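>>> The following block contains a protein sequence and its predicted model.
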Amino acid sequence: MPTLKPLNDRIVVKALSALEKTAGGIILPDSAQEKPQEAEVIAVGPGKTLDNGKIATLEIKVGDKIIYGKYSGTEIKLGSEEYVILRQDDVLAIKE
């Protein structure tokens, strides 16, 4: 993967694969699959700069599995891999 260095409170994630089959066993084509909302964190920025000039570090770290908003972030493609760049505020939960 080319090196991505997110700025401020942004994170780079790789979406986990969408379900390819329904619970009943029907195989879904790519066009019918829902956009995944779960991802693995690949890179994190240094944190958000506060009004007083201090940096608030991020709660999210590389390797975390997260759930993010359905229409959040910016999708990018590097080579054959697809990534999403999000702000920490777009993350709804960290899976444990």
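Here it is on my side, so go on.
>>> Quick check: Leu50 touching Asn8?
No. Contact status for Leu50 versus Asn8: not in contact, 11.2 Å apart, counting by C-beta atoms under 8 Å. All C-beta atoms are positioned from the backbone trio N, CA, C, and that covers glycine.
>>> For these two, work out which one has more neighbours and name it.
Asn8 (13 against 9; other C-beta atoms under 10 Å).
>>> Leaving out sequence neighbours, find the closest residue to the residue nearest the centre of the chain.
Centroid-nearest residue in the chain, with C-alpha atoms, centre = their mean: Val13, separated by 3.4 Å. Nearest residue to Val13 in three dimensions, chain neighbours excluded: Ala39, at 3.6 Å (C-beta to C-beta, 6 or more residues apart in numbering).
>>> Against Glu82, how distant is that neighbour?
10 Å (C-beta to C-beta, to the nearest Å).
>>> and what of Gln37?
14 Å.
>>> higher neighbour count, those two?
Neighbour count, other C-beta under 10 Å: between Gln37 and Glu82, Gln37 has more, with 16 against 11.
>>> Look up the pLDDT of that one for me, please.
Gln37 carries a pLDDT value of 85.
>>> next one: Ser31
52.
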